[in-house]
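[1] 3D, please:
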Amino acid sequence: MNILIPHRWLLEHLKTSVLPQKIQEYLSLCGPSVERLSKVDGDWIYDIEVTTNRVDMMSVIGIAREAAAILPEFGVKAELVPLTLPPIASYKSLDIKIINNPQLCQRILAIKLGGVKIGPSPEWLQKRLIQVGQRPLNNVIDITNYVMWEVGHPVHVFDYDRLTKKTIAVREAKKGERLKTLDDKVHRLVGGEVVFDDGTGTIIDLPGIMGTANTVVTDKTTNILLWIESIDPVKIRQASMTLAIRSQAAVLNEKQVDPELGLMAVLRVVELCQKLTQAKVASKLVDIYPVKPVIKPITLTDERLTTYLGLRVEPERVKGILERLGCQIQVKNENLKVKNNKKGGDEETINYEVVPPTWRARDLTIPEDLIEEVARIYGYHNFPSSVMATTIPDAPSEENFRLEYQIKQWLTGWGFTEIYTYSMVAKDLVLASGYPLASHLKIKNPLSDEWVYMRRSLVPSIMAVVESNQRDMIRVFEMQNVFHPAGKRSELPNEELQLVVATTTSYQELKGVVDGLMTKLFLANELYVVPTNVDQDGFGVGQTGEIVVGKKRLGVMGQLKAKKMWVAKILMRELMALARTHPRYIPIKTTPPIREDLTFQVPDKTYLGNLLLTVAKTSKLVETAIISKRYKPPTATDSTNITLTLTYRDPKKSLTDKELMPVRKKIATSLAQLYSAQLVGLLE
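    Purely as a prediction, here's the structure:
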């Protein structure tokens, strides 16, 4: 964010004789970047970029305070000129009932001014507002805008006589409520925004963002209510973005302006109103401040500061830098002689006990924050350049990223096309995933009805892509994160990386791809596909299997219901934990294998994956078991013949046919009992 600051206005709060060009140079070196310096109507205007965490610099006084801390480091005399404001002399109570909600509003300041004469602002005030990009309206509104730019805290003003109910209540808006803002635009609230109403439900302000048309100051106004509030910044941001109202007040308030600035701002407005509108103070100043924030002190050791900076800054200089930034600081053991304690013993060290100012309480919280402040005010350009004492280490490659890239390369080489789909999906894709709708993360302000929920599976998105494609033969894959709700609402969602491979050709091709991946990752010998029934992602009953490597479940694969599409869903985290970059060493086998074929007639709906597992577990002598043939005899109606190619081996001796006979019989018996499989032919 940027702010325009006129040089003459800056000099009202900064006592220095340095030229504007030097201020631009020095601020840019050690503080906010002065992007441009231009001359407008005989005055220099600074165009300053301010980082979002430094809302304290979004004002003339804020930049003056920063310049007063930086310029002395360049040998330039500079001093912050404090804003002196007269006290308010009035003893009449404010006859407005204020109903606050401390959860929504941290502080409220209010005061009534009477005898106000509305009219154009003086020329000097109009000129300054124009210089900073503001449009003059009338003297009262111009004063509030002027003070916001000068002090850095937005100020609101009500037409006191239009507050007919003499009540202001702080509450959250209800869904569907409407209000008309100062720019005559009607907004429909989504619910949850902080609003002020008059006690009857009528909204009279959208605080921290923009006032409403029903309480705006007009040419006929004679009594005004000055009002300052400190609203929850999260609420301000949400309302401003949802309603598309990006006022200067919203930009400041959503970044949590220091509530302590409120008193200075309201007193400054009172002073200017008395001078420029002939206003008279008509009530006491109401200050509702239920809980003042407690600023915790920060302890910084000289040893830690030196370690981070790579050089030692004298304690007196450190103290001066932090004090000019507004910190309260106590130096303990300041006169201690610094020792070179390489062994990290318990020697005493110089300690800085620092209490940040209220306007920096949210971004100065740990010792590293103070170190950064000392470093930038000292000047990064003053740090000596030196070559590393050792060789620059090469950053090790990220193994997981390498595997992700390699898997994509393999799939592409096998004829598959990588696709990318949105992580946000519509309701129909959510229901297609099989997960309950309520278990999905819902986006509060979706850009479209098609992007409402964060998906928990890639499969429905792949299905939508395949269905919308006109080609008959499709091979695609996607590797992206899905999002599962965390245990607590305040926690971030659990992200899970999934790989989904889909083809419209055949299950055999899909199985071949999965086998190929496991072979590339040296896991093929441990791969099993175990039949299962899943009620997710549209997989068909009896046509789905779990992908298992060893004892670890990696995902599922199978055919989708009523669709000619075969899909494999693999959990990448589990796969990467098992993946190998090289094969395991297996000693050369010295005994010969014995291979033979056994043919069985099995029912059509037999799970062949389970059947192979049964064969493999029958005896330790069974080295491998694969289905080499599968055919349907002419006379068979509800059965299929499969030929098992078996490899037997004993690592210590050569096997004989006599030793294998019990194994054959056990295989035949087990398959008959478990799968109703009948051996074709005789064993002897």
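
[2] Kindly state the pLDDT recorded for Ile231?
    With respect to pLDDT, Ile231 scores 94.

[3] Now Val216: closest residue in space that isn't a chain neighbour?
    Setting aside the residues directly before and after it, Val216 is nearest to Leu182 in space (C-beta to C-beta, 6 or more residues apart in numbering), at 5.6 Å. Bear in mind the C-beta positions are built from the backbone N, C-alpha and C, glycine included.

[4] show me what contacts that neighbour?
    Shown in contact with Leu182 (C-beta atoms under 8 Å, 6 or more residues apart in numbering): 210-213, 216.

[5] Make JSON lines from these and add secondary structure to it.
    Formatted as JSON lines, the contacts of Leu182 follow (DSSP: H, G, I helix; E, B strand; the rest coil):
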{"residue": "Met210", "secondary structure": "strand"}
{"residue": "Gly211", "secondary structure": "strand"}
{"residue": "Thr212", "secondary structure": "strand"}
{"residue": "Ala213", "secondary structure": "helix"}
{"residue": "Val216", "secondary structure": "coil"}
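
[6] what's the closest of those to Glu123?
    Distance from Glu123 was checked for each of the contacts of Leu182 by C-beta to C-beta. The minimum falls on Val216, at 24.5 Å.

[7] any idea how far that closest one lies from Lys180?
    In this view, Val216 and Lys180 are 10 Å apart by C-beta to C-beta, to the nearest Å.

[8] Compare the two and say which is more crowded by neighbours.
    Looking at Val216 and Lys180 with other C-beta atoms under 10 Å, you find the greater number of neighbours at Val216, namely 17 against 14.

[9] in the helix or strand of the chain with the lowest mean pLDDT, what's buried?
    With mean pLDDT, DSSP states H and E as the measure, the helix or strand of the chain carrying the lowest mean pLDDT is strand 527-532 (a mean of 79). Residues of strand 527-532 classed as buried by neighbour count (16 or more other C-beta atoms under 10 Å): 527-529, 531-532.

[10] What of stretch 480-489?
    Of all the residues in stretch 480-489, those buried under the rule 16+ other C-beta under 10 Å are 480, 482-483.

[11] And for stretch 461-479?
    In stretch 461-479, residues buried by neighbour count (16+ other C-beta under 10 Å) are 461-466, 474-479.

[12] next one: it to chain centre, how far?
    31 Å (C-alpha atoms, centre = their mean, to the nearest Å).

[13] Going forward, the N-terminal residue is numbered 18.
    Got it, the first residue is 18 from now on, which makes the last one we talked about stretch 478-496.

[14] Residues in contact with that stretch: which ones?
    Under the criterion C-beta under 8 Å, 6+ apart, residues 421, 424-425, 428, 431-439, 442, 446, 449, 472, 475, 514-522, 526, 555, 577, 580, 582, 584, 589 lie in contact with stretch 478-496.

[15] what does stretch 223-231 give?
    With contacts defined as C-beta under 8 Å, 6+ apart, stretch 223-231 is touched by 122, 171, 173-175, 179, 187, 196-201, 204, 210-213, 219-222, 246, 248, 253, 256-257, 260, 262, 264, 266-267, 270-271.

[16] if we go to 6 Å?
    The set of residues external to stretch 223-231 that reach it, using C-beta atoms under 6 Å, 6 or more residues apart in numbering, is 173, 196-199, 211, 213, 221-222, 246, 248, 253, 257, 262, 264, 267, 270.

[17] what distance separates that stretch from the middle of the whole chain?
    Using C-alpha atoms, centre = their mean, the mean C-alpha position of stretch 223-231 is found 30 Å from that of the whole chain.

[18] Can you measure across it, start residue to end residue?
    Distances were taken as C-alpha to C-alpha, to the nearest Å; on that basis the terminal residues of stretch 223-231 are 12 Å apart.

[19] same thing with stretch 51-63?
    With C-alpha to C-alpha as the measure, the first residue of stretch 51-63 is 6 Å from its last.

[20] How much space separates the residue nearest the centre of the chain from Pro373?
    Nearest to the mean C-alpha position of the chain, counting by C-alpha atoms, centre = their mean, stands Leu509 at 8.4 Å. When C-beta to C-beta is the yardstick, Leu509 and Pro373 sit 28 Å from each other.

[21] for Asn155, same thing?
    In this structure, Asn155 and Pro373 are 39 Å apart, going by C-beta to C-beta.

[22] Pick out whichever of the two has more residues nearby.
    Set side by side, Asn155 and Pro373 show more neighbours around Pro373, with 24 against 16, by other C-beta under 10 Å.

[23] Please verify my assumption that that one contacts Leu381.
    Yes: counting by C-beta atoms under 6 Å, Pro373 sits close enough to Leu381 to count as a contact (3.9 Å).

[24] Only C-alpha atoms, please: export the helix ranked longest in the chain in PDB.
    Of all the segments of type helix in the chain, defined by DSSP state H, the longest one is helix 674-692. Listed in PDB are the C-alpha atoms of helix 674-692, where the atom choice follows Å, rounded to 0.1, in the frame of the first residue of the first chain:
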ATOM      1  CA  ASP A 674       8.900 -84.700  -8.300                       C
ATOM      2  CA  LYS A 675       8.200 -86.800  -5.200                       C
ATOM      3  CA  GLU A 676       8.900 -83.800  -2.900                       C
ATOM      4  CA  LEU A 677       6.600 -81.600  -4.900                       C
ATOM      5  CA  MET A 678       3.600 -83.900  -5.000                       C
ATOM      6  CA  PRO A 679       2.300 -82.900  -1.500                       C
ATOM      7  CA  VAL A 680       2.600 -79.200  -2.500                       C
ATOM      8  CA  ARG A 681       0.500 -79.800  -5.600                       C
ATOM      9  CA  LYS A 682      -2.200 -81.700  -3.700                       C
ATOM     10  CA  LYS A 683      -2.300 -78.900  -1.000                       C
ATOM     11  CA  ILE A 684      -2.800 -76.300  -3.700                       C
ATOM     12  CA  ALA A 685      -5.500 -78.300  -5.400                       C
ATOM     13  CA  THR A 686      -7.300 -79.000  -2.100                       C
ATOM     14  CA  SER A 687      -7.100 -75.300  -0.900                       C
ATOM     15  CA  LEU A 688      -8.400 -73.900  -4.200                       C
ATOM     16  CA  ALA A 689     -11.300 -76.400  -4.200                       C
ATOM     17  CA  GLN A 690     -12.300 -75.600  -0.700                       C
ATOM     18  CA  LEU A 691     -12.000 -71.800  -0.900                       C
ATOM     19  CA  TYR A 692     -12.900 -71.000  -4.500                       C
END
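
[25] Since that was my last question, I'll sign off now.
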